[in-house]
Structure formats: C-alpha cells, structure tokens
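Engineer: what follows is a predicted structure for the sequence shown.
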Amino acid sequence: MISNKKSEDTLQSPVQFLKAVLGPLPAEETLADYERWWECEGRALSMAQDRAGTPWLQMFDLLGKRIDAVQCAPGYWTMLRKGYREGLVWRAIKENSLITPFQLGYVCAFNDPGLYCPYTVSLATLLALSKYGDEATKSRYVPMLLREDESVWQGATWMTEAGSGSDLGGHVETVARLKGGRWLLTGEKYFTSNAIAELGVVAARPEGAPTGVRGLALFLTPKRRDDGELNFCIRRIKDKIATRSVFTGEIELRDSEAHLLGKPEWGIYLILEVLNCSRVANAMASVALAQRAIADAFSFARHRVAFGKPIIEHPLLRQQFEERKATLKTALALAWECVKVFNEIWRETPPYSEKFHLFRILVHLAKYWTAEFAVQTAKWCMEVHGGIGTLAEFGVERWLREAMILAVWEGPAHRQILDGLEAMERKGAHQLLFEHIASGAEPKELKEMRAHVEAHLVLPTEAKEAGAETLFQALAPFTARALFRKRSDVPRPRDSR
Ligand SMILES: Cc1cc2nc3c(=O)[nH]c(=O)nc-3n(C[C@H](O)[C@H](O)[C@H](O)COP(=O)(O)OP(=O)(O)OC[C@H]3O[C@@H](n4cnc5c(N)ncnc54)[C@H](O)[C@@H]3O)c2cc1C
C-alpha cells in the first residue's frame, strides 16, 4: 500500500517520474525549480493562453510600416522566456549535452505540450546551424540562439507546404535563386510554427535542381534583412484546436535572403535531421502528456464516489489505471532511449554510422507509438472524468486536443511507419535494434519478433506497406518493454524455451 501511494505521488511530478524511471538526474535541482515554477505560476499562464485562443497578428505599425508582430497577453512572454532562461536550448551547446534540455522539455510538456514547440524548433535550428553553417553565418547567429536572457533569438523549422506535408519531394515549391553570390527564396509555407522566430530553417529547391526530395536544400532565413527590413511576411496566425502556446502561421517568402546550410545535395538528409530532432521532443512530450492525463485521472478518481466507494477502488477502473501506468514507464524508456542515442550521434554528417540508423528506427517507433498512446490516454482521462471531462471549464479536454496535434505534426503515423520500414530495408536498422535491446528482451520473444519483421520485409511491396502498421503496433511496445527492462534491471521473464 505504501509503495502504491509512493508511485501515485510520483505520477503527479514529472521530475520524480523521470527519476523513478531513468535513475539520478544530473540537473535535478534545476528541474525541480522549473517544476515548482510551473505549479506556482506557469500553469495559470498556460491555461490563460489556451483559453485566449488565437493571438492577434499586428501587421502594421502606426505609420503603416509592415511589422508582423504577434500581440498576446504579457503572461505568454513570461512563460516562454522562463524556459529559455532555464536552458532548454543554450545548455545543449554550453554543456555539450542534450540530456538536461530534453528533461526540462519533459517538465514543460507535462504542463504545456505546445510551449515545448518553440524550444524544440529553436534547438533544431541551433543544431543544424552549428553543424552545417559556414563560419561567418555561425559566428553571426549561433550566439543569438545561445543567449540566456530576454534578448535570446528563437528558431523555427519550416519544411512542409500546402500540397502535402507528407510528400515533401512532390510539394515543396519554394524556389532558391543564387543572385550576386546571395541566396534568395520565394514561396509560401502553409504551416509555420513559431512564426515569430528571428531565424527559420527552410526547405527550398535551388533553381535547376532535380525534382523529388533529392533536389531539396536547407537554408537559414533570418526574419530581418541586413538593412533591417522584414525578410519575410506572416500572412496570418492559424486558429488551432490546441498548442496555442506556439504561434503557427503562414509565411510568405519573396526574394527572402537566406544562407545555405551544408552542401545542396545533402538537403534531404539535413531536413530529416531537423525533423528527427523534433520527433524526439515530440515523443518526450507525448509521454509527459500521458503522464499528466493519468495523474489528473487518478486525482479525480480517488475522490469521485460511485456505488459507495471512490471510483478508483472499482476493480475495472483500477486495472485500467495500473495498465496505463505500466505502459507509461515503458513509453518513457523508449522516448528516453531516443534522447540518449541522439545525444551520441547528433554531430554526425553524411555518410552516417550504424548508430545513426539505429537512432532512425528508434525515433520512428517512438514518435508513432508515444503519440498514439498520448491520444488514447487523454481520451481515457476524459472518460474517467465522465461528463465533466468534456467541459472546457475543467481543462481535462485540453489534453486530448493537445495530443491530437502531437500525433500529426512532425509527420503523422504513416510517415513514421513508412520511413521506419525504409530504414529497416535499406540500412538493416531492425538488426541494429534487436542487438541493442537484446539484453532486455526475453530470448524466445526476441527470436519471434525478429522472424516476424524479417517475414514482413520480404512481402510484395503493396502487402508490405499495407500491413506495416500492424508490424509497428507489435514492434514499438515490444521495444519499449525491452528498453524498460534493460534500463531498470528488472529481471527478464524466464526464457520459456
Ligand atoms: C499545428 C501544426 C503546426 C505545424 N507546424 C509546422 C512547421 O512548423 N513546419 C512544418 O514544416 N510543418 C508544420 N506542420 C505541418 C505538418 O508537419 C503536416 O501537417 C504533416 O506533416 C502532415 O502533412 P499534411 O497536413 O499536408 O497532410 P498530408 O500529407 O496531405 O496527409 C493527409 C493524410 O494522408 C495520409 N497519408 C499521406 N501519404 C500517405 C501514404 N503514403 N500512406 C498512407 N497514408 C498517407 C497522412 O497520414 C494523413 O493522414 C504543422 C502542422 C500542424 C497541425
């Protein structure tokens, strides 16, 4: 009973839960301070931001000059700056480690999954720039992203366009022209999260480059030109169901000045690196959201009385709660493995190592499965609250709205599944995965899963694609359980051969 009580208290705290699953946290005090700030101040600001809805885009100043500034309650800026100060971005470079930034991100997402987006896309911008920018571009912009005070610059990652975000090769129409030694971009980006950022990394096709994804390149595009004028325009801010703590807009690029990142022919690799950084954060955010939903459901269920006792004491509900809690731990083990491996490989450039391909399969499994888990758990949390769960005034419905976006952006389920399939077919990523998780897996189950994957990979193309989700639905939780056992030294079930 005591240990149950302890594990239920742990559920209410993102820091305690991280510690319970991952072991000692290098920056525990910083994380605990950030968590306390959320409880005392941040949660109210976040709720106000969610309820205020779409902020107002002020396109012109008093004298009719285009400024494209977003007007919203001052509380938003307090909440946003707090995370930058704590080190969701600067610590990555100054501490030469992604561990604390992603743990801070978990604390942030437990309270506001949408707010984690600006930090994530700023981090992705910083990593891409510090790896692939030329010396002049780096020395000009990296320090801006590393500032620890209110003057910090933000980044953003704008790849997709209106046609089909899943099919970048077929639908990126933004063109890059080289004129007088300077790149100029022209096009429209339909979904641009953190539209207020001072720097965006933008996918575009250099004039004359081949069609398809191979012809795309990646550029860094500052909000202001060298002469101080706006370099691109925000057409509008989108009215979304959730993630209202990040402003998602539409951007118009018209001969916008840009800096090429890396070699043009590496473009698609760079784009995927940037997306994969966000996918790791998305997996952490999905687990954090699921934790929050389970914690909220539990708090309610131990006070709500039906049939003479708190509803949590009814065996059916208790069982659902215990199962979700157990899955939550394995989901964190999977998301965290992505962070750990990402921390080891993020400096690599093409051609990549085997570890990089292991990272790819981990990320696709984690992005896919944790987002689905978050959606299902948020829905369950609403149901546990009964009719009250559907009322905006209690805020529980928000977790489902937020989770629905986590499942779509950075590529919906099918994108993760098909890209994961490709990593297995072309790079043997499943073999690397099985080696990596072997010490946590039950040998017979591992053998069976290996056979299942190998049988799937030799299916005719159409059947292979059609059945791929079923494969992922088995492989992701299997991987998560093995990683959890490996990490926590939970004894493996005895080999039943
Ligand atoms: C709030 C929000 C913020 C965003 N911010 C950004 C941003 O900052 N930067 C950015 O670049 N993008 C951003 N996006 C775009 C996001 O990445 C895309 O919405 C996403 O990748 C899906 O693309 P799409 O909306 O064009 O859908 P589509 O690609 O048209 O897909 C529609 C449906 O078809 C399915 N589908 C497509 N192809 C296949 C296939 N081969 N097999 C099976 N099913 C398939 C998809 O899974 C989906 O269910 C944002 C999106 C949202 C919702």
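Structural biologist: Looks like it came in fine.
Engineer: next one: phi and psi at the nearest residue to Ala162 once chain neighbours are set aside?
Structural biologist: The shortest distance from Ala162 to any non-neighbouring residue, by Cβ to Cβ, 6 or more residues apart in numbering, is to Tyr190 (4.0 Å). Yep, even glycine has a C-beta here, placed from its N, CA and C like the rest. Phi and psi for Tyr190, reported as degrees, to the nearest 10, are phi -80, psi -30.
Engineer: can you get me a residue count around Gly386?
Structural biologist: 12 (other Cβ atoms under 10 Å).
Engineer: show me the contacts for it.
Structural biologist: Contacts of Gly386 were listed using Cβ atoms under 8 Å, 6 or more residues apart in numbering, and they are Arg304.
Engineer: residues of the stretch 51-200 of the chain that sit close to the ligand?
Structural biologist: Thr157, Trp158, Met159, Thr160, Ser164, Gly165, Ser166, Phe191, Thr192, Ser193 (Cβ under 6 Å from any ligand atom).
Engineer: next helix or strand past the helix or strand that contains Arg81?
Structural biologist: In this assignment (DSSP states H and E), Arg81 forms part of helix 74-86. Of the helices and strands lying after helix 74-86 in sequence (DSSP H and E), the nearest is helix 90-94.
Engineer: can you name every helix or strand that that following helix contacts?
Structural biologist: Using 3 or more Cβ pairs under 8 Å, 6 or more residues apart in numbering; DSSP states H and E, the elements in contact with helix 90-94 are helix 99-111, helix 116-132.
Engineer: so how far is that helix off the chain centroid?
Structural biologist: Chain-centre distance of helix 90-94: 18 Å, with Cα atoms, centre = their mean, to the nearest Å.
Engineer: and if you look at stretch 71-79?
Structural biologist: Worked out by Cα atoms, centre = their mean, stretch 71-79 lies 22 Å from the chain centre.
Engineer: for it, buried residues please.
Structural biologist: Cys72, Gly75, Tyr76, Met79 (16 or more other Cβ atoms under 10 Å).
Engineer: equivalent analysis for stretch 397-412, please.
Structural biologist: 397-407, 409-411.
Engineer: what does that stretch contact?
Structural biologist: For stretch 397-412, the surrounding residues in contact (Cβ under 8 Å, 6+ apart) are 50, 113-114, 165-166, 191, 193, 240-243, 275, 278-279, 282, 285-286, 289, 292-293, 296, 367, 371-372, 374-375, 377-379, 381-382, 389-391, 413, 419.
Engineer: the residues you listed in strands, which ones?
Structural biologist: Using DSSP state E, the members of the contacts of stretch 397-412 that fall in strands are Phe191, Ser193.
Engineer: what bridges to the closest residue to Gly133 other than its chain neighbours?
Structural biologist: In this structure, Gly133 finds its nearest non-sequential neighbour in Leu261, 6.0 Å apart by Cβ to Cβ, 6+ apart. Beta-bridge partners of Leu261, counted by DSSP bridges, are Leu218.
Engineer: can you tell me which residues contact Leu261?
Structural biologist: Applying Cβ under 8 Å, 6+ apart, we find Leu261 in contact with Ala128, Leu129, Tyr132, Gly133, Val201, Ala217, Leu218, Phe219, Leu220, Leu270.
Engineer: kindly report the same for Tyr352.
Structural biologist: Ile345.
Engineer: doesn't it belong to a strand?
Structural biologist: No - according to DSSP: H, G, I helix; E, B strand; the rest coil, Tyr352 belongs to no strand; its state is coil.
Engineer: quick check on it: phi, psi?
Structural biologist: Residue torsions, per degrees, to the nearest 10, at Tyr352 are phi -90, psi 160.
Engineer: likewise Ala466?
Structural biologist: phi -60, psi -40.
Engineer: for Leu459, see how far away it is.
Structural biologist: Distance, Ala466 to Leu459, using Cβ to Cβ, to the nearest Å: 9 Å.
Engineer: circling back to that earlier point, just the closest of the residues of the stretch 51-200 of the chain next to the ligand to Leu63, please.
Structural biologist: The closest of those to Leu63 turns out to be Thr192 (Cβ to Cβ; 26.5 Å).
Engineer: nice, that's everything, thank you.
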